[in-house]
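**Q** Mind looking at a prediction? Sequence and model below.
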Amino acid sequence: MKRIVAFCCLSVLLTACDDGDMVFESLNFDEVAVQKCADDELYFKIKSGELLLVDFTRPISSTQKGSWLEPNAELDRRISPPENAAIKIYYRTYDAAINNNVICSVVPPANPKVTSEYTSVPGGGIFYTRTMTPAVNQGIVNVSYAYTIEFENITLTDGTSEIKYTNFPFGTYVYETTRMNFSIPNIVYCEGEHALSGHNAINDYFKWQLPIDFEFPTTAHTQLINLSPDLQFKYIVYNQNLSNISACDDINLPIKEEWIASEGSIQLETQVSSTGQRHLIRIVNARFEKDNSSFVMIDRDFGTFDVQE
């Protein structure tokens, strides 16, 4: 009887380990950050002597390469590159721990050595979702753009054995971050638009549309002015330097970020001296929006507008 039981158990094990349908439950990179080679479209995870890599290289010509990941793709939409993209997934093991230099070097080092390599076969799906996340930290906003990558119904093989996954969340890679300082040193009044405007020495710009009947106080005074769709506060980051451009001119340059607040308040504190008035601008509980994302600037000293007598 014991022999029969042992034979049955052995049969189950042999069936479960059939080389044609082997699943490695240990293929676990959940807690590992996604990295990218600086000069290639190779996105990968490293765990000691293990590597999981997906190659998003898009051939453009015999001398040019691009990426199948679109940096301007619609946000929050799950996208699959075309079937003819021929994107490959690789799982490798090495005889020692590895780092990104091993993966990204033009000439791979002799050591450590690859001990096994599994490559994806045609079929299955590779998807990515482009996301945007604004984060406020002490009045400074960092806007991060990322790709979240996942695999569906993939099969990796070394020619003998297979690794199969119905769903495999590869991970998220932040590919770009824009810093918005929310501090403008030189603010001017644009008379034709009845607005305050200004930019810093780099590429941050703002415009605040004032109420039509608004007049700047000439005595010490503090007031809150509510924002609205007609009285917006815009913060824009351009792709080019603004140092030689007047803040009241029409700026016709590519825009990197444009965030608009149409709710919340702007506090204007007027201080009086022998030379004129200084108007201190503070953003209070203003909600800035772009596409379907938003953030709230709770309390931020923004800049000053001086009126000389």
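**A** On my side now, so go ahead. Residues are numbered from 1 along each chain as shown.

**Q** Am I right that Thr129 falls within a strand?
**A** Yes. Under DSSP: H, G, I helix; E, B strand; the rest coil, Thr129 falls within a strand.

**Q** can you start the count at 507 instead of 1 from here on
**A** Sure thing, new numbering starts at 507, so read that last one as Thr635.

**Q** For the closest residue to it other than its chain neighbours, which residues are in contact?
**A** Excluding its sequence neighbours, the residue lying closest to Thr635 (CB to CB, 6 or more residues apart in numbering) is Thr654, at 4.7 Å. Glycine gets a C-beta too; all of them are placed from N, C-alpha and C. The contact partners of Thr654, by CB atoms under 8 Å, 6 or more residues apart in numbering, come to Tyr634, Thr635, Thr637, Pro675, Gly677, Thr678.

**Q** give me that answer again for 10 Å
**A** 540, 582, 584, 633-637, 675-679 (CB atoms under 10 Å, 6 or more residues apart in numbering).

**Q** repeat for Ile595
**A** Ile595 neighbours (CB under 10 Å, 6+ apart): 558-561, 624-627, 630, 632, 657, 660-662, 669, 671, 674, 676.

**Q** 6 Å instead, please
**A** For Ile595, the contact set (CB atoms under 6 Å, 6 or more residues apart in numbering) comprises Val560, Ser626.

**Q** measure it to Thr781 for me?
**A** Distance, Ile595 to Thr781, by CB to CB, to the nearest Å: 68 Å.

**Q** same question, Pro640
**A** Counting by CB to CB, the gap from Pro640 to Thr781 is 39 Å.

**Q** follow-up on the earlier one: my reading is that the residue nearest to Thr635 lies in a helix. Confirm?
**A** No. The assignment for Thr654, made by three-state DSSP, is strand rather than a helix.

**Q** The residue lying closest to Thr724 once chain neighbours are set aside sits in which helix or strand?
**A** The shortest distance from Thr724 to any non-neighbouring residue, by CB to CB, 6+ apart, is to Gln783 (6.1 Å). For Gln783, the host element (DSSP states H and E) is strand 782-796.

**Q** The residue nearest to Thr635 bridge partners, please.
**A** Counting by DSSP bridges, Thr654 is bridged to Thr635, Thr678.

**Q** For the residue nearest to Lys553 when sequence neighbours are not counted, give me phi and psi.
**A** Of all residues not flanking Lys553 in the chain, Val538 sits nearest, at 5.3 Å (CB to CB, 6+ apart). Torsion angles at Val538 (phi, psi; degrees, to the nearest 10) stand at phi -100, psi 130.

**Q** these two touch, right, Val538 and Lys551?
**A** Yes. Val538 is within contact range of Lys551, at 4.4 Å (criterion: CB atoms under 6 Å).

**Q** sorry, back to before: more neighbours: which of Pro640 and Thr781?
**A** Higher neighbour count among Pro640 and Thr781: Pro640, with 19 against 10, using other CB atoms under 10 Å.
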